[in-house]
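Engineer: What shape does this take:
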Amino acid sequence: MHATRILTKEHVLIKQVLDLLDESRQALETGIPVPMIFFEKAGIFCSEFADRFHHFKEEFLLFGLLSYKKQGELDTAMGALRYQHDRCRQCMAQITRALERYEKNDEMAVTLVLEHLSVYVSLLHRHIHTEDHLFFPMAEKSLSTEENDSLTGQFAEQARRFDKSGRFLEKHQALADELSDITGSW
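Structural biologist: The predicted structure is shown next:
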């Protein structure tokens, strides 16, 4: 399996949560209250799975290899993708910071959550589309079989280091399912 296909499979779970975040955005826009627990759990998923697990593989492993191999040729594209990761992290941090006031129905906090949620959802949808349909196909063509095998091995090693219990993916799928259950309550 090509290393980029591992990342694309992970995008499926991220998009599942992203769609739920979009539902919460739509609910907030129409005045439907979204329980704070939804945003707390979504923040955990985004931080643990999307940022620390998935984006690490993209930013440090795939981009690092491509940067070395392509000698700067792809630095602008990879810089844009890294910037999008950073903006998403910033948005989620802003949402998390606003939650205490959000729970008290502070309208300013609701507005902050809505603002950063809108950016997060829109940006990450576009980002994933760009990676899946433009960047990853280009990466597949750029990497030799040996480089792909090395990268796939690094992904597996990173997953082993990150997932001591062997249930990391199951845990985050369950978290996504929990978020789905919460969206059914509003």
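Engineer: Return the helix or strand in this structure with minimum mean pLDDT.
Structural biologist: In the chain, the helix or strand scored least confidently by mean pLDDT, DSSP states H and E is helix 63-70, which has a mean of 91.
Engineer: What are the buried residues along that one?
Structural biologist: Of the residues in helix 63-70, Phe63, Leu65, Leu66 count as buried by neighbour count, 16 or more other CB atoms under 10 Å. Placement of C-beta: from N, CA and C, glycine included.
Engineer: Which of these sits closest to Leu175?
Structural biologist: Nearest to Leu175 out of those is Phe63 (CB to CB; 26.6 Å).
Engineer: which SS class is the nearest residue to that closest one once chain neighbours are set aside?
Structural biologist: What sits nearest to Phe63 in space, not counting adjacent residues and going by CB to CB, 6 or more residues apart in numbering, is Met78, at 4.6 Å. Classification of Met78 using DSSP: H, G, I helix; E, B strand; the rest coil returns helix.
Engineer: give the contact list for Met78.
Structural biologist: Met78 sits next to Phe63, Leu66, Ser67 when contact means CB atoms under 8 Å, 6 or more residues apart in numbering.
Engineer: All good on my end, thank you.
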